[in-house]
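1. this one's structure only:
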């Protein structure tokens, strides 16, 4: 049974700080990972995808993947109160035909 | 223009009833999904269709039956609704059945009385 683990939080950071969200996964064959942001009462919104080891940057967001350690992270620089949401890590697996396995999500609160 | 749209947005019904949720995507994607998000916000896949063919069928009670009339539509019919079916159901789509990003609809909040 494939598993994805996240610290459920809440993670609280001051405005302007770096928020660091972490995720570990159990399937060594997994190739693709996604980070989704979900505001309360809304649908998950894709913010980052990462397919290879290393860092991938997009604006204030940086995703990091370490396949040897089976670890994925998301850094949010210059955090804003509008970043307050639940962040979901998803493992797309290696050959699972699009089946996403989600972590339980980390609640992030950015306080002014 | 909404990319993945679901109807209805809210569904309140009594135990034992049968209900359907509809989903449509205008992204031209080949693959569509149904997910269930429970009260603890845990999001779990239920079904996936690729070009009208069922490719993922997780351990879901037989009371749940998906149907894809064409690749732009994926509906979910639920028979004999139970209290435990109360959840938010999300439809999603992706370009194809490989590990492409999935785009979610707004969700249908199902409440069983």
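-> Happy to help now that I have it. Just so you know, these numbers come straight off a predicted model, no measurement behind them.
2. show me the contacts for residue 81.
-> Went with chain A since none was named. Applying Cβ atoms under 8 Å, 6 or more residues apart in numbering or on different chains, we find residue A:81 in contact with A:15, A:110-112. All C-beta atoms are positioned from the backbone trio N, CA, C, and that covers glycine.
3. switch to chain B, that's the one I care about
-> Taking Cβ under 8 Å, 6+ apart, we find residue B:81 in contact with B:13-19, B:63, B:110, B:112.
4. ok so, going back, the contacts of residue A:81: which two are farthest apart?
-> Greatest spatial distance in the contacts of residue A:81: A:110 and A:112, 8.0 Å, computed using Cβ to Cβ.
5. what residues does chain A put near chain B?
-> A:31-32, A:34, A:36, A:38, A:42-46, A:49, A:51, A:86, A:88, A:92-93, A:96-102, A:104-105 (Cβ under 8 Å from any Cβ of the partner chain).
6. shared neighbours, residue A:110 and residue A:112?
-> By Cβ under 8 Å, 6+ apart, the residues touching both residue A:110 and residue A:112 are A:14-15, A:81.
7. for chain B, state which of these is nearest.
-> Nearest to chain B out of these is residue A:81 (Cβ to the nearest Cβ; 20.6 Å).
8. check which helix or strand covers the residue nearest to residue B:110 when sequence neighbours are not counted.
-> Closest residue to residue B:110 apart from its sequence neighbours, by Cβ to Cβ, 6 or more residues apart in numbering or on different chains: residue B:11 at 4.8 Å. In this structure, residue B:11 sits in strand B:10-13 according to DSSP states H and E.
9. what does that strand contact?
-> In contact with strand B:10-13 (Cβ under 8 Å, 6+ apart) are residues B:19, B:21, B:81, B:108-113.
10. how close does the residue nearest to residue B:30 when sequence neighbours are not counted sit to residue B:65?
-> Leaving aside its sequence neighbours, residue B:30 sits nearest to residue B:96 (Cβ to Cβ, 6+ apart; 4.8 Å). Here residue B:96 is placed at a distance of 24 Å from residue B:65 (Cβ to Cβ, to the nearest Å).
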